[in-house]
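Novice: Here is the input, now give the coordinates:
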Amino acid sequence: MNVIIFYRLQRVSGEDFRKAEEFVKVTKILYTSTLCVSAERSPTLGQILPILNKLQHHFTVNKEDSSFTKTIKDTLWNDLSKRYQDGNIRQFLEEGTALDPRFKSKVTNEVWTRLEEELMKRTSEQTPTEQIEQALEESNQDDSSDEDSASATTALKRPKLSALEELFAVEDMAVEARMQTTVSSTTERIQAEINKYRLLPSTLSSVSPVTWWWDMKDTLPMLSELASRYLCVQASSTPSERTFSTAGDIISQEWA
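Specialist: Modelled structure (predicted):
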């Protein structure tokens, strides 16, 4: 005798469809963000924090959200909020964001102060008169007079001049005077360049920041060089991993 057993199939209800739609609506931004940092063109570190801020805003719970949506938002942001919290990494990303012409308006004044200090440091390292610059900088911090600056410069002179130095003493004094003028104007030039950059309108998100800085290298030379050191860092390792994967599809061990 054959026994036929009927099973009641579990059907998808209207509530299930509603939750599925809510889930897709809430999490779609994660897919788009992943595409941004994994793109082939200009996926620089300058876009990481702006994307993270947009995710934070998106995953903020609203009073209109259902309990299901609230659970998804809380769970996702609880994980994302722990990313990039290391102090040094965070500062590096903030400075990279400031040097990205697409997102430069999204950083605080503290970031610009750090960039100014970084430019001063690099300028000091490139200048052969580092001791004179340091003496003048210290005198400016102490609000000293021009006489104090002159005495600090004089103290750095060697006590005994060689025959050649004695012969060209007047010319050397003129060179030192020009050096002092350059030193005193370095901070002003850096501040002027940063202010000029900040006053420029932000570019569209479709603009390549690397190409933009290449076009501005004559207008903003110091910032352009600094930007190249930051924006060469990729937002993720996906493009390089994709290259290795493609190479693995082309080259095999049998060819080696």
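Novice: pLDDT score for the one residue sitting closest to the centre of the chain?
Specialist: The residue lying closest to the centre of the chain (CA atoms, centre = their mean) is G96, at 0.6 Å. Looking at G96, its pLDDT reads 93.
Novice: Where is the longest helix in this structure?
Specialist: helix 169-199 (DSSP state H).
Novice: quick one: buried residues of the helix or strand following it?
Specialist: Once the chain leaves helix 169-199, the next helix or strand it forms, by DSSP states H and E, is helix 209-215. Across helix 209-215, burial judged by 16 or more other CB atoms under 10 Å covers 209, 212-213. Where C-beta positions appear, they are placed from N, C-alpha and C, glycine not excepted.
Novice: cool, and stretch 38-45?
Specialist: Buried residues in stretch 38-45, counted by 16+ other CB under 10 Å: 38, 42-45.
Novice: sorry, back to before: and the helix or strand hosting the residue nearest to the centre of the chain, what does it pack onto?
Specialist: Following DSSP H and E, one finds G96 within helix 87-98. Here helix 87-98 touches helix 48-58, helix 109-126, helix 221-231, going by 3 or more CB pairs under 8 Å, 6 or more residues apart in numbering; DSSP states H and E.
Novice: T203 - how many residues pack around it?
Specialist: Here the count is done by other CB atoms under 10 Å, and T203 has 15 residues near it.
Novice: ditto for E95
Specialist: Residues near E95, counting by other CB under 10 Å, number 22.
Novice: Surely it touches E116?
Specialist: No - counting by CB atoms under 8 Å, E95 does not reach E116; the two are 10.9 Å apart.
Novice: Below-threshold pLDDT in the stretch 101-250 of the chain: ranges please.
Specialist: By pLDDT under 70, the low-scoring segments of the stretch 101-250 of the chain are 126-159, 179-184.
Novice: Could you look up the SS state of S42?
Specialist: At S42 the chain is in coil, as set by DSSP: H, G, I helix; E, B strand; the rest coil.
Novice: follow-up on the earlier one: from E165, how far out is the residue nearest to the centre of the chain?
Specialist: From G96 over to E165 the distance is 46 Å, taken as CB to CB, to the nearest Å.
Novice: same question, C232
Specialist: 44 Å.
Novice: H58 too?
Specialist: Using CB to CB, H58 is found at 68 Å from E165.
Novice: Please say which of these two ends up with more neighbours.
Specialist: Comparing H58 with E165 by other CB under 10 Å, the one with more neighbours is H58, at 16 against 13.
Novice: Work out for me the element the nearest residue to that one once chain neighbours are set aside sits within.
Specialist: Nearest non-adjacent residue to H58, counting by CB to CB, 6 or more residues apart in numbering: I29, 5.2 Å away. Following DSSP H and E, one finds I29 within helix 14-37.
Novice: What average pLDDT does that helix get?
Specialist: Per-residue pLDDT over helix 14-37 has a mean of 91.
Novice: between it and helix 48-58, how big is the angle?
Specialist: Angle, helix 14-37 to helix 48-58, by axes from the mean of the first three to the mean of the last three CA atoms, to 10 degrees: 160 degrees.
Novice: CA-only coordinates of helix 14-37 in CSV, if you can.
Specialist: What follows is helix 14-37, C-alpha atoms only, in CSV (Å, rounded to 0.1, in the frame of the first residue of the first chain):
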residue,chain,number,x,y,z
GLY,A,14,4.1,40.0,2.1
GLU,A,15,6.0,40.9,5.3
ASP,A,16,9.0,39.0,3.9
PHE,A,17,9.0,41.0,0.7
ARG,A,18,8.7,44.2,2.7
LYS,A,19,11.8,43.3,4.8
ALA,A,20,13.7,42.3,1.7
GLU,A,21,12.9,45.7,0.1
GLU,A,22,14.0,47.5,3.2
PHE,A,23,17.2,45.5,3.4
VAL,A,24,18.1,46.4,-0.2
LYS,A,25,17.2,50.0,0.3
VAL,A,26,19.4,50.3,3.4
THR,A,27,22.4,48.3,2.2
LYS,A,28,22.6,49.5,-1.4
ILE,A,29,24.9,52.4,-0.4
LEU,A,30,27.5,49.8,0.8
TYR,A,31,27.7,48.3,-2.7
THR,A,32,28.1,51.8,-4.2
SER,A,33,30.8,52.7,-1.7
THR,A,34,32.7,49.5,-2.5
LEU,A,35,32.7,50.4,-6.2
CYS,A,36,34.1,53.8,-5.4
VAL,A,37,37.1,52.6,-3.5
